[in-house]
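Engineer: Give me the fold of what follows.
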Amino acid sequence: MADDWAAVAKAISARLEELGMTQLDAAAKSKVAPATIRELQYNKVPRRRNPRTLEALSEALDWPADYLSNVLAGTSAEPHADEANDPVLQKLDDVLEQLHELRTRVEAVEHRQEREDEQP
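Structural biologist: Alright, predicted model coming up:
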């Protein structure tokens, strides 16, 4: 199976949003260059990386060290056991899902309003 750098990018983006972290926060915590994190997050330069880079970034994002390597390989990447059963994190996931749904609805209303405003 080929390396799935797009899945790594998606995982990093989602986790940064979930944790409310910026690329600079992750860089400071992981000791990985901000440019490298940007390349990974936006899948700009999908190339072989030092395994330690993905380990350090995984740990900075509060995942097990092998999390992003597992995502890259397409194998099951599991969160910490305590995360899977944490009721607060489950509620947070629900809130994030509802927020995403609301954003989608607001964007649809804005687009509709823009179209109506453009009509003479």
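Engineer: and residue 39, how many neighbours does it have?
Structural biologist: 17 (other CB atoms under 10 Å). C-beta here means a position set from N, CA and C on the backbone, and glycine is covered the same way.
Engineer: no wait, residue 73
Structural biologist: 16.
Engineer: same question, residue 41
Structural biologist: Around residue 41 there are 19 residues (other CB under 10 Å).
Engineer: Quick check: it touching residue 14?
Structural biologist: No. Using CB atoms under 8 Å, residue 41 is not in contact with residue 14, being 10.2 Å away.
Engineer: Okay, domains of this protein per the record?
Structural biologist: 5-73, 86-118 (the TED database).
Engineer: Let me know the average pLDDT across the lengthiest helix in the chain.
Structural biologist: The residue-count maximum for a helix in the chain (DSSP state H) belongs to helix 87-118. Helix 87-118 shows a mean pLDDT of 86.
Engineer: Run the chain-centre distance for that helix.
Structural biologist: Put simply, helix 87-118 sits 18 Å off its chain's centre (CA atoms, centre = their mean, to the nearest Å).
Engineer: for stretch 5-21, same thing?
Structural biologist: 1 Å.
Engineer: same question for that stretch, mean pLDDT?
Structural biologist: On average, stretch 5-21 scores 93.
Engineer: what sits up against it?
Structural biologist: The contact list for stretch 5-21 (CB atoms under 8 Å, 6 or more residues apart in numbering) reads 22-23, 26, 29, 37, 40-43, 46, 54, 57, 61-63, 67-68, 71-72, 74, 77, 92, 96.
Engineer: For it, buried residues please.
Structural biologist: 5, 7, 8, 9, 11, 12, 15, 16, 21 (16 or more other CB atoms under 10 Å).
Engineer: what separates the fifth one from residue 119, distance-wise?
Structural biologist: So that's residue 11. 42 Å (CB to CB, to the nearest Å).
Engineer: Same check on the third one?
Structural biologist: Going from residue 8 to residue 119 by CB to CB gives 44 Å.
Engineer: What of the fourth one?
Structural biologist: With the distance defined as CB to CB, residue 9 ends up 39 Å from residue 119.
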